[in-house]
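Visitor: No letters, just coordinates:
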């Protein structure tokens with residue numbers, strides 16, 4: 001998660017640096033709106049990544065249980 005956040009920050013800073021200084025002059029309200037929008041987008045991405053990770057962990061746990069069950073069956077024969 002931290003890698004994704006760091007990467008997004010790096011991308012945002014590089015894009016901001018490439019924009020001409022004149023184009024960077026925006027109102028305070030516009031800046032606040034854009035930062036809220038970016039924060040909301042970041043939260044959505046993090047929730048999606050968390051959900052994906054939970055799903056992967058659940059799948060791995062199920063595979064482990066299945067492997068243990070299979071090993072126990074072989075051992076009892």
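Guide: Sure thing, it's come through. All figures in this text were calculated on a predicted structure; none of them were measured in a lab.

Visitor: From now on I want contacts and neighbour counts done on CA atoms only, so please keep to that.
Guide: Noted.

Visitor: Report the central residue of the chain.
Guide: Residue closest to the average C-alpha location in the chain (CA atoms, centre = their mean): residue 46, at 3.7 Å.

Visitor: Which residue, neighbours along the chain excluded, lies closest to that residue?
Guide: Taking CA to CA, 6 or more residues apart in numbering, and ignoring the residues beside it in sequence, residue 46 has residue 1 as its nearest neighbour in space, at 7.3 Å.

Visitor: What's the local residue count around that neighbour?
Guide: For residue 1, the number of neighbouring residues by other CA atoms under 10 Å comes to 10.

Visitor: Equivalent analysis for residue 52, please.
Guide: Using other CA under 10 Å, residue 52 has 12 other residues around it.

Visitor: ok, so what distance separates it from residue 62?
Guide: Counting by CA to CA, to the nearest Å, the gap from residue 52 to residue 62 is 15 Å.

Visitor: for the helix ranked longest in the chain, packing partners?
Guide: For the chain, the helix that runs over the most residues, judged by DSSP state H, is helix 28-76. With contacts defined as 3 or more CA pairs under 8 Å, 6 or more residues apart in numbering; DSSP states H and E, helix 28-76 has no packing partner among the helices and strands.

Visitor: Please compute how far it lies from its chain's middle.
Guide: The chain centroid and the centroid of helix 28-76 are separated by 9 Å under CA atoms, centre = their mean, to the nearest Å.

Visitor: for stretch 2-15, same thing?
Guide: Taking mean C-alpha positions (CA atoms, centre = their mean), stretch 2-15 and its chain are 12 Å apart.

Visitor: pLDDT on it, on average?
Guide: This predicted structure assigns stretch 2-15 an average pLDDT of 77.

Visitor: same check, this time on stretch 44-53
Guide: Rounded to a whole number, the mean pLDDT of stretch 44-53 is 97.

Visitor: And it, what's buried?
Guide: Residues of stretch 44-53 classed as buried under the neighbour-count rule (16 or more other CA atoms under 10 Å) are residue 46.

Visitor: any residues touching it, and which ones?
Guide: With contact meaning CA atoms under 8 Å, 6 or more residues apart in numbering, stretch 44-53 is reached by residue 1.
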